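**Student:** Could you look at this predicted model? Sequence included:
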Amino acid sequence: MKTKRISKGLMVLAAGCAFHAPAMAGGLERGGYNIDLLFDQGRFAAESAVTYVNPQRKVKNVQDINPANNLVGGGDLNRFSDSADDAEGYWVPRIGMKGAIGDSADCMFDYSQPWGVHTKPGREWAGANENIETKVESDNYAVTCSYRFDMGPGQLRVIGGTFYQELSGFKERQVIDDLVVPGTGVGRLDLEGDGWGWRAGVAYEIPEYAFRASLVYNSEVDLNDITGTLDLAQVNGTVLDVHGAQKMPDVVELKVQSGIAPGWLAFGSVKWTDWSQLQKIPFCTAAVTGTCTTANGVTTLDLGYRDGWTVSGGVGHKFNEQWSGAVTVTWDRGTSQGFGTQTDTWTFGAGASYTPNQNVEVRLAGAIGILTGGSSSTVTLDGETYGQRVNYEYDDDLVAAISTSVKVRF
């Protein structure tokens, strides 16, 4: 009986200590998708969590490879610094509420920020014609439900849900040399869009052994009507309305956890994200009423990603009825393909869970990771050219994160 009670106490520990895997993944991933609250054993539960991530990506040996072109290349920027800080710290919040419906059904509502990016190397570096500042933010509102029934020694759970997603962001870069125009020569692209998605999955649980295996698919989100402005007031005095379309990636994630000894839990996950959908994203003026392409577009967002893979594993231990802890290791395959700074990431984390009574749980976790080194230069992917403005290199860098959450169940 003691073994069963300790195993049940470990059922949610893995979720609390594996926060750093999505928060440091490639592409535009921030918090990713998380439905672990749906599995909480209380009839009603509410959770609030926040993670702060501080990447330290620095680029060096930066070279403007188109210095003679003053009109579309930004001019000769090699007069500026050949190094820059290419990453900004960010917060990832999440709020969720879960309720049981009868003895077999559960539903959860949650708010999260699955996607985002923020880089700000500034104007005083040789790559300002590629990027001065880029920022993308997202808001995701989801409802997810499940129905479970007995099967063998445990229960099979069928999962389904829908979510509404909003994205917004901007990018600034040096379009024309400020030495040859009255303004700064900086152009700014502002964008926003929204769309719907859905999720479906299955899970099998044997609470007596703290065993759970889940497989969940999250659909792509079709942003059919992305609108915004291309502000060239500091370049040629114009501001253009622009539009485009893009699909945010679908995601498949397999999670497994199991008790391996009294008070001990092993857990792991494998996730695939379809980041290869984000290549060269064109935007057109209002004069273009048909499909917007790189041929008829006025500007593009150049990403050139490949699919992402994230693999995580760890071990948790329940010390007593109040305290539990866990350690994790995560590998995330970089999404860059010779253009950009998103190489492989290795992350090591540790977390603790304090449960003063059966209704309250407080978690604190921290992680440190290695952003592996590489370089960025001109590449051709599927017939499209990327990185034709600047070359640079980067060494292995550190990333650190801290996360805290509070859960109340009754």
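**Tutor:** Thanks, I have it.

**Student:** list the contacts for the residue nearest to residue 279 when sequence neighbours are not counted?
**Tutor:** Excluding the flanking residues, the one nearest residue 279 by Cβ to Cβ, 6 or more residues apart in numbering is residue 304, at 5.8 Å. In this view, the C-beta of every residue, glycine as well, is placed from N, C-alpha and C. Residue 304 sits next to 279, 280, 336, 337, 339, 340, 379, 381, 384, 386 when contact means Cβ atoms under 8 Å, 6 or more residues apart in numbering.

**Student:** Could you pick out the buried ones from those?
**Tutor:** 279, 280, 336, 337, 339, 340, 379, 381, 386 (16 or more other Cβ atoms under 10 Å).

**Student:** what's the most distant pair in the residues you listed?
**Tutor:** Spatial extent of the buried ones among the contacts of residue 304 (Cβ to Cβ) is set by the pair 280 and 336 at 14.1 Å.

**Student:** and the closest residue to residue 394 other than its chain neighbours, what pLDDT?
**Tutor:** Leaving out its chain neighbours, the residue that sits closest to residue 394 by Cβ to Cβ, 6+ apart is residue 59, at 4.9 Å. At residue 59, the predicted lDDT confidence score is 98.

**Student:** List of residues touching the strand or helix carrying residue 59?
**Tutor:** Assigned by DSSP states H and E, residue 59 belongs to strand 58-64. Identification of contacts with strand 58-64 by Cβ under 8 Å, 6+ apart yields 73-74, 76-78, 81-86, 121, 125-127, 129, 341, 376, 389-395, 397.

**Student:** count of neighbours near the residue nearest to residue 394?
**Tutor:** The local packing of residue 59 (other Cβ atoms under 10 Å) involves 24 other residues.

**Student:** how close does it sit to residue 119?
**Tutor:** Residue 59 sits 10 Å away from residue 119, going by Cβ to Cβ, to the nearest Å.

**Student:** Mind listing the shared neighbours of these two?
**Tutor:** residue 86.

**Student:** Quote the end-to-end distance of stretch 257-273.
**Tutor:** In stretch 257-273, first residue to last residue: 21 Å (Cα to Cα, to the nearest Å).

**Student:** Over to stretch 287-302?
**Tutor:** Length of stretch 287-302, first residue to last, Cα to Cα: 22 Å.

**Student:** Enumerate the positions of that stretch that are buried.
**Tutor:** Neighbour-count burial for stretch 287-302 flags 288, 292, 294, 297, 298, 299, 300, 301, 302 (criterion: 16+ other Cβ under 10 Å).

**Student:** how distant is it from the center of its chain?
**Tutor:** 26 Å (Cα atoms, centre = their mean, to the nearest Å).

**Student:** Just the ones of the buried ones among the contacts of residue 304 in strands?
**Tutor:** The strands, defined by DSSP state E, take in 280, 379, 381, 386 from these.

**Student:** which residue ranges form the helices in the stretch 151-300 of the chain?
**Tutor:** Under the criterion DSSP state H, counting those that start in this stretch, the stretch 151-300 of the chain carries no helices.

**Student:** what bits of it have low per-residue confidence?
**Tutor:** Along the stretch 151-300 of the chain, no part satisfies pLDDT under 70.

**Student:** Show me where it has its strands.
**Tutor:** In the stretch 151-300 of the chain, the strands defined using DSSP state E, counting those that start in this stretch lie at 154-174, 186-206, 211-218, 221-232, 238-248, 251-261, 264-273, 280-285, 299-302.

**Student:** Skipping its backbone neighbours, what lies nearest residue 224 in space?
**Tutor:** residue 245 (5.2 Å).

**Student:** how about that neighbour, what does it touch?
**Tutor:** Counted by Cβ under 8 Å, 6+ apart, residue 245 has contacts 222, 223, 224, 225, 226, 292.

**Student:** and with 7 Å instead?
**Tutor:** Going by Cβ atoms under 7 Å, 6 or more residues apart in numbering, residue 245 touches 223, 224, 226, 292.
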